[in-house]
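>>> The following comprises the amino acid sequence and a computationally predicted model.
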Amino acid sequence: MNKIGSLRVTTLAENLVQISGLQGQWGLSFLLELVDARGRSRKVIFDTGNDRAPLMHNIGRLNVDLSDVDCVVLSHGHGDHTVATVEIVKAAGGVKVYAHPHVFQPRFYEDRLGRRTRGGVPEGEGIAEIEGAGGEVVLTAEPREIVPGLWTTGQIQRVTAFERVSPPSSGGKRIIVVDGEEVEDRILDDQALWTEVEGVGPFVITGCAHAGPVNTLLQAERLGGFNKVDGFIGGTHLVGRSDAYLEQTLRALRGFGLKLLLSPCHCTGFKATTRLWRAFPEAFVLNFCGRVIEVGKEPEPRVV
Ligand SMILES: [Fe+2]
Ligand SMILES: [Fe+2]
């Protein structure tokens, strides 16, 4: 495995705000700045948020230059991760957008009475519009090395006995159209990023982790040949989970070590976030809009 030289992750869009002047949202977007395995500086955008205006506002306030972004990766096809793909691709001068083949498929939510609402990637953020902005959409369910040393997980194997996609909070069902057929949407497109940072160790960055945070870390270990994961940043979709579910997750997460850094955010929810803090008091780092995590350096402060 090629190790990357350094990694710096800036939270561009997130639910929590702690820095005056920045704006929060139910959504996620990260900027990864790294020195890749060949020694070249790279910029990757992972997910593009839920509300375009606060995301672009934060990008401006944080003085992020999008013109030299190398590529965009979409963790999955939900609207809170994909609203500003076209704008970012345009600002980057036309770049590749990596996504699972299901990301741009039609999605619906059907309530108990059979009434449907549109789900998935927002209108105007589809493949044609991304290509119209000069981008190139790369659809694959396989792991991909997007820049030397930084990989996607590809579609994540669901191997744990307890992790399952949470049902819609208001009942009903999620539907996706695959190969022209409507099927139950198990959010198979959910994927994450993983890498090994020279002198530090393996790191994983998730979007929503609908496949389960434990399944996600197991997949990174399998692909990278790791026997531990030192850092984990991103959504966990532990929001609304039962105490028993949280306990099972915490127990399984301890098995990865997570010695250096655990920074859950977005769809983790307050309850699970506090449980994770208590379970990993040394590694926990609160995430919020504008948080900068330089892997291998002590984040200041870890918790506000
Ligand atoms: Fe999601
Ligand atoms: Fe999400």
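Looks like it came in fine. Ligands and ions are numbered 1, 2, ... in the order given.

>>> And the residue of the stretch 51-200 of the chain that's closest to ligand 2?
Nearest residue of the stretch 51-200 of the chain to ligand 2 (CB to the ion) works out as Asp80 at 4.3 Å. In this view, the C-beta of every residue, glycine as well, is placed from N, C-alpha and C.

>>> and that residue, which of the three is it?
helix (DSSP: H, G, I helix; E, B strand; the rest coil).

>>> Mind pulling up the pLDDT for the closest residue to it other than its chain neighbours?
Nearest residue to Asp80, sequence neighbours excluded (CB to CB, 6 or more residues apart in numbering): Asn50, at 3.6 Å. As predicted, Asn50 sits at a pLDDT of 98.

>>> What is the burial count for Asn50?
Counted with other CB atoms under 10 Å, residues neighbouring Asn50 total 23.

>>> How about Ile127?
Counted with other CB under 10 Å, Ile127 comes out at 17.

>>> before we move on, back to that, in this structure the residue of the stretch 51-200 of the chain closest to ligand 2 contacts Ser29, no?
No: look at Asp80 against Ser29 with CB atoms under 8 Å: they stay out of range, at 9.7 Å.

>>> Mind listing the shared neighbours of the two?
Taking CB atoms under 8 Å, 6 or more residues apart in numbering as the contact rule, Asp80 and Ser29 both touch Gly49.

>>> Tell me which of those two has more neighbours.
More crowded of Asp80 and Ser29, by other CB under 10 Å: Ser29, with 29 against 24.

>>> how about that one, phi and psi?
Phi and psi for Ser29, reported as degrees, to the nearest 10, are phi -160, psi 130.

>>> Show me what it is bridged to.
Assessed by DSSP bridges, Ser29 has beta-bridge partners Ala13.

>>> In contact with it, which residues are there?
Thr11, Leu12, Ala13, Glu14, Ile45, Phe46, Asp47, Thr48, Gly49, Leu55, His81, Ala84.

>>> Give me the number of neighbouring residues for the fourth one.
Glu14 has 27 neighbours, counted by other CB under 10 Å.

>>> ok, now how distant is it from ligand 1?
Here the criterion is CB to the ion, to the nearest Å. By it, Glu14 lies 14 Å from ligand 1.

>>> quick revisit: give me the distance between the residue nearest to Asp80 and Val83.
Using CB to CB, to the nearest Å, Asn50 is found at 6 Å from Val83.

>>> Now for these two: what residues contact both?
Contact criterion CB under 8 Å, 6+ apart; residues shared by Asn50 and Val83: Gly27.

>>> State the phi and psi torsions of Val229.
Backbone geometry at Val229, expressed as degrees, to the nearest 10, gives phi -130, psi 130.

>>> show me the residues around it that make contact.
Contact partners of Val229, counting by CB under 8 Å, 6+ apart, are Gly201, Pro202, Phe203, Val204, Leu217, Ala220, Glu221, Phe256, Gly257, Leu258.

>>> As PDB, could you dump the C-alpha coordinates of stretch 116-128?
Below are the C-alpha coordinates for stretch 116-128, written out as PDB (Å, rounded to 0.1, in the frame of the first residue of the first chain):
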ATOM      1  CA  ARG A 116     -44.300   9.400  -2.800                       C
ATOM      2  CA  THR A 117     -41.800  12.200  -2.500                       C
ATOM      3  CA  ARG A 118     -38.600  12.500  -4.500                       C
ATOM      4  CA  GLY A 119     -35.400  11.600  -2.800                       C
ATOM      5  CA  GLY A 120     -31.800  11.300  -3.900                       C
ATOM      6  CA  VAL A 121     -29.600  13.700  -5.600                       C
ATOM      7  CA  PRO A 122     -31.200  17.200  -6.000                       C
ATOM      8  CA  GLU A 123     -32.500  18.300  -9.300                       C
ATOM      9  CA  GLY A 124     -29.800  20.000 -11.400                       C
ATOM     10  CA  GLU A 125     -27.000  18.000  -9.800                       C
ATOM     11  CA  GLY A 126     -27.200  14.900 -12.000                       C
ATOM     12  CA  ILE A 127     -24.700  13.400 -14.500                       C
ATOM     13  CA  ALA A 128     -25.800  15.600 -17.400                       C
END
